[in-house]
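Visitor: need a 3D model of the following:
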Amino acid sequence: MLTHSPKADKLTKIWAEIYEPGEQFEYLNTSSIHPGGGFFLKNMAKLNAKHQARLILKDGTEYEGESFGADINSSGEVVFNTGMAGYPESLTDPSYFGQILVLTYPIIGNYGVPPREFFESRKIWVKGLIVQNYIDKPSHFESLKTLGAWLKEEGIPAISGIDTRALTLKLRYHGVMLGEIRSTKHETRNKSKIENSNGQKSFELQNPKFGFNLFDPNSENVLTFVSRKTVEVYGEGKKTIVLIDCGDKENIIRSFVKRKVKVIVVPWDLNPLKDPPAGGFDGVMVSNGPGDPKLAKETIKNIKELLNKNVPTFGICLGSQLLALASGADTYKLKFGHRGQNQPVLDVLNNELKLSTNKALITSQNHGFAVNTKTLKPGWVEWFKNLNDGTNEGIRHKHKPFMSIQFHPEASPGPVDADYLFDEFLNYL
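Guide: Numbers count the residues shown, from 1 in each chain. Down below sits the predicted model:
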């Protein structure tokens, strides 16, 4: 519903100073759509200049906006990230493979796209991007191009003009769900009315690529898509780490290299005990990555052998879940996961280890699964706990050199409170 009010008029004057002369604005009052609603900017000139696109959730809910990425259709798991900055790092994080990313911060693209050294991998991994307001005139001294141009170059669809607050509330209430980005330039979707569980009319998505099965990154082992195919070596030092690449972020490598540690990155299914690198190694890091950890059976088997040989092992994010599974514990899928840069965690390490600090950290996170601490085997203890929902954020062995955390000590993007954990692991070597 279009709303005219002093507040809307004041906001219009502010935004009129940012946009070019002659552009028109409307403010939509979204209070009736979701609790805590407010005024939502709708730039009419940009809407008319660009073609429309839709985000269609599996339950039939549709959100219409403007396309500013590649003009293709794409499907995946729709998730949200609450970070205020760091979209280049997030888009290039392989953990987002198979997912359509919703950014809750209302202004995206304002600092453009930086040089390659700020990326976390060689390419964009998301299946699509959803934002509220896209800024196509970035202002930053290191910007090389607009976000829209980058997305088009890499063939990634994107939609702006969607109330990401309402969308996020839906995903929090119902849980993350599969969805599809549909460009109006490629409108081939057929609608057949069906009854959903509460009797309301919805639509079944007939996707010519996936049939009725939208792409689900949790339905198969997806590490084969994001992992390196060959061994790569970085840095030099007296100590050597084997990094099992399940979709690693490059700042993990940088974090070791700056500590004068040699890093040998290997594919997700390589067993360093059976195919050891020349010169040997001192410890193993299991990286972050996408998908259901239980489907990475080969990696779990390899980690189990490392544990049996008492090889110092450190898991991050997906690596934490894989380490837990290798130890005999269980994992489960979270309702909507933890994706953002302000997740508080508490060090709750068992006092008998004499390492408990009650230290709280603000951490960068990106995961949809967690370890069930009730299934930890003897010798293992919970290390960190999420202060928002109480879920596990890390485990550690009482007597052996095994440790893992669910968050990202390398940050990028986000705070570096947990950077010291790299040094803690190196003390095991």
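Visitor: next, count neighbours for Lys123.
Guide: Other residues near Lys123 come to 12 when the count uses other Cβ atoms under 10 Å. To be clear about C-beta, it is placed using only N, CA and C from the backbone, and glycine gets the same treatment.
Visitor: if I read this right, it contacts Glu154, doesn't it?
Guide: Yes - here Lys123 lies in contact with Glu154, judged by Cβ atoms under 8 Å, at a distance of 6.2 Å.
Visitor: low-confidence ranges, the stretch 151-300 of the chain, go.
Guide: Residues of the stretch 151-300 of the chain meeting the criterion pLDDT under 70: 185-213.
Visitor: where along it do the helices fall?
Guide: Using DSSP state H, counting those that start in this stretch, the helices found in the stretch 151-300 of the chain span residues 164-174, 223-226, 250-257, 297-308.
Visitor: how about the ones you listed, which one is nearest Pro106?
Guide: Smallest distance to Pro106 across the helices of the stretch 151-300 of the chain (Cβ to Cβ): 7.2 Å, for helix 164-174.
Visitor: may I see the buried residues of that closest one?
Guide: Across helix 164-174, burial judged by 16 or more other Cβ atoms under 10 Å covers 164-171.
Visitor: could you do stretch 101-120 as well?
Guide: 101-105, 108-114, 118-120.
Visitor: strands - which of those residues land there?
Guide: Among the buried residues of stretch 101-120, the members found in strands (DSSP state E) are 101-103, 108.
Visitor: make a markdown table from these and add pLDDT to it.
Guide: Formatted as a markdown table, these follow (pLDDT from 0 to 100):
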| residue | pLDDT |
| --- | --- |
| Leu101 | 98 |
| Val102 | 98 |
| Leu103 | 98 |
| Ile108 | 97 |
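Visitor: of those, closest to Leu323?
Guide: Out of those, the member with the shortest distance to Leu323 (by Cβ to Cβ) is Leu101, at 26.2 Å.
Visitor: ok, now how distant is the closest one from Ile56?
Guide: Distance of Leu101 to Ile56, given as Cβ to Cβ, to the nearest Å: 16 Å.
Visitor: end-to-end on stretch 159-178?
Guide: Chord length of stretch 159-178, first to last residue, is 16 Å (Cα to Cα, to the nearest Å).
Visitor: centre of the chain to it, how far?
Guide: 15 Å (Cα atoms, centre = their mean, to the nearest Å).
Visitor: what does stretch 261-270 give?
Guide: Counting by Cα atoms, centre = their mean, stretch 261-270 comes out at 22 Å from the chain centroid.
Visitor: what of stretch 269-288?
Guide: On Cα atoms, centre = their mean, the centre of stretch 269-288 falls 26 Å from that of its chain.
Visitor: can you check stretch 336-352 too?
Guide: 16 Å.
Visitor: buried set for that stretch?
Guide: Those buried within stretch 336-352 under the rule 16+ other Cβ under 10 Å are 336-341, 343, 345-349.
Visitor: same thing with stretch 277-290?
Guide: In stretch 277-290, counting by 16+ other Cβ under 10 Å, buried: 281-290.
Visitor: ok, stretch 64-80 next?
Guide: Buried, per 16+ other Cβ under 10 Å, within stretch 64-80: 65-70, 72-80.
Visitor: sitting in strands, which of the residues you listed do you find?
Guide: 65-67, 74-80.
Visitor: tell me which two of these sit farthest apart.
Guide: Glu66 and Glu77 (22.8 Å).
Visitor: strands along the stretch 1-150 of the chain, start to end?
Guide: Using DSSP state E, counting those that start in this stretch, the strands of the stretch 1-150 of the chain run over residues 25-29, 39-43, 52-57, 62-67, 74-81, 99-103, 107-108, 128-130, 133-134.
Visitor: any chance of the ones you listed in a markdown table, with distance to Phe215 too?
Guide: Shown next, in a markdown table, are the strands of the stretch 1-150 of the chain (distance: least, Cβ to Cβ, whole Å):
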| stretch | distance to Phe215 |
| --- | --- |
| strand 25-29 | 31 |
| strand 39-43 | 29 |
| strand 52-57 | 13 |
| strand 62-67 | 18 |
| strand 74-81 | 5 |
| strand 99-103 | 10 |
| strand 107-108 | 24 |
| strand 128-130 | 11 |
| strand 133-134 | 24 |
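Visitor: closest to Asn366 out of those?
Guide: Of all those, it is strand 74-81 that lies closest to Asn366, at 7.4 Å by Cβ to Cβ.
Visitor: for the stretch 1-150 of the chain, which spans come out with low pLDDT?
Guide: 1-50.
Visitor: ok, 50 please
Guide: 1-8, 10-48 (pLDDT under 50).
Visitor: contact partners for Tyr134?
Guide: Tyr134 sits next to 66, 68, 108-109, 147-148, 158, 160 when contact means Cβ atoms under 8 Å, 6 or more residues apart in numbering.
Visitor: change it to 10 Å
Guide: 43, 46, 50, 65-66, 68-69, 107-110, 146-148, 151, 158-161 (Cβ atoms under 10 Å, 6 or more residues apart in numbering).
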